[in-house]
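Enquirer: Kindly generate the corresponding structure for this input.
(one chain, ligands or ions: 1)
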Amino acid sequence: MTDLFDKIEQNPGALGMHADESYGYFMFPKLEGEISNRMKFRGKEKLVWSLNNYLGLANHPEVREVDAQTAARYGLALPMGARMMSGNSDYHEQLERELSDFEKKQDTILMNYGYQGMVSAIEALVDRHDVIIYDSESHACIIDGVRLHMGKRFVYPHNDIENLSKQLERATKLTEESKGAILVITEGVFGMSGDQGRLAEIAALKKKYKFRLLVDDAHGFGTLGQTGAGTSEAQGVMNEVDIYFGTFAKSMALIGAFISSEKRVVKYLRYNLRSQIFAKSLPMPCVIGALKRLELLRTKPELKDNLWKIVHALQDGLRQNGFEIGKTNSPVTPVYLNGTIPEATALIYDLRENFDIFCSMVVYPVVPKGIILLRLIPTAVHTLEDVRYTIEAFKKIKENLKSGKYHVSRIVEV
Ligand SMILES: Cc1ncc(COP(=O)(O)O)c(C=O)c1O
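Expert: Coordinates of the predicted model:
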């Protein structure tokens, strides 16, 4: 018999095993100052490419003003209690109506966090007679929601529509016997690789199979589609996406999330979504702040235009200079290099200390062994000069990596 705390200490987990040498630098770094393309890290200004502040709303003067005014007027407590019990307000309902209009859906339910909301929504939507089919590169919130599912679940290789079709065939047979239903779950934009889920092709399978489609559009909401309504708008399948999920944590630079769908589905979720029924309602500044952000997102297309100007300059520039950036067709910009985890840490250290560039690094087990993924998130507040400088710096670190300059035997200590 072991003591639980001893066991935890001995098995700190895939990320926790690097805690001692990484804390404060590679993990849990502190970016300080106004949210922008330039922020301070360890007291020194860095060019930051790691924030999902896609439209630059985090520090937009109108947003800051509304955030400050609503915090002063309502405080952070109101409304108290869960929506169902005592935490409802006209503003919560207004935001739901405006999101429904924006997403061209009948109704919307607000959620406190995207992660919890998605886990809870999957749990609420299906029972043991139903089958879930999901993309293999789905975000942790989808995976964890699927884990709660008591019935069958089938996974298809990332964006492999032929395989999805096979899984639908299997699921159809099963659900004919169980009298259950089929839920297909994918993402609008995959957050690591930046490629869009093939929503139009998935939706086309509805001609052959009976299923409902749930799309996590955390990265597509606000960045894709003519009006910014997301990946389903960009691919012309807003009607075919049965359940649209968005978070406020990225384009809206806030906290909170939502699901838009048919009235009957949202009504069901209001009474069955455990993450909302058993949790305090979103505070008023988040709700009124979200209304303001949504207004800007709708009325200031120049924010999205600025974002895409930077996205195109960065992705075209990287490609022209021989960088491997995979299949991205969204603002998420992965740069794939080859190297070990210790090399990756030496490279990031060089990039931060000598080039003053701050970006995220992703290594095994999130990507295959031997791959270093540098993840760049362009935003509307970056400049073309930021792009030029970054590409030049990346050329140098790539040369350094090739020549063995970052060859160290263990993770760089900081
Ligand atoms: C694809 C995806 N889904 C869901 C979430 C979770 O959203 P939130 O930060 O609102 O919990 C994220 C954000 O990390 C995400 O990238």
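Enquirer: residues near the residue of the chain found nearest the ligand, how many?
Expert: The minimum distance from the chain to the ligand, using Cβ to the nearest ligand atom, falls at residue 114 (2.4 Å). (Glycine included, C-beta is placed from N, CA and C.) By the measure other Cβ atoms under 10 Å, the count of residues near residue 114 is 23.
Enquirer: got it, and residue 81?
Expert: Using other Cβ under 10 Å, residue 81 has 12 other residues around it.
Enquirer: so what's the residue of the chain closest to the ligand up against?
Expert: Residues in contact with residue 114, defined by Cβ atoms under 8 Å, 6 or more residues apart in numbering, are 141, 216, 218, 245-249, 257.
Enquirer: So what's the predicted local confidence for it?
Expert: Residue 114 carries a pLDDT score of 98 in this model.
Enquirer: how close does the residue lying closest to residue 278 once chain neighbours are set aside get to residue 270?
Expert: Of all residues beyond its chain neighbours, the one nearest residue 278 is residue 82 (6.6 Å), with distances taken as Cβ to Cβ, 6 or more residues apart in numbering. Residue 82 sits 11 Å away from residue 270, going by Cβ to Cβ, to the nearest Å.
Enquirer: Run through who's touching stretch 77-84.
Expert: Residues contacting stretch 77-84 (Cβ under 8 Å, 6+ apart): 86-89, 92, 110, 270-271, 276-281, 283-284.
Enquirer: Buried ones among those residues?
Expert: Applying 16 or more other Cβ atoms under 10 Å to the contacts of stretch 77-84, the neighbour count classes 87, 89, 92, 110, 276-277, 279-281, 283-284 as buried.
Enquirer: Farthest pair within those residues?
Expert: Distance extremes for the buried ones among the contacts of stretch 77-84: the farthest pair is 277 and 284 at 19.8 Å, using Cβ to Cβ.
Enquirer: Which positions within stretch 160-169 qualify as buried?
Expert: For stretch 160-169, by 16+ other Cβ under 10 Å, it's 163-164, 167-168.
Enquirer: Quick check: mean pLDDT of it?
Expert: Rounded mean pLDDT across stretch 160-169 is 98.
Enquirer: Same question for stretch 296-309.
Expert: Stretch 296-309 shows a mean pLDDT of 98.
Enquirer: do the same with stretch 358-369
Expert: In this model, stretch 358-369 carries a mean pLDDT of 90.
Enquirer: cool, and stretch 253-272?
Expert: Across stretch 253-272, the per-residue pLDDT values average to 98.
Enquirer: got the residues of the stretch 1-150 of the chain near the ligand?
Expert: Within the stretch 1-150 of the chain, the positions lying close to the ligand (Cβ under 6 Å from any ligand atom) are 113-115, 118, 139, 141.
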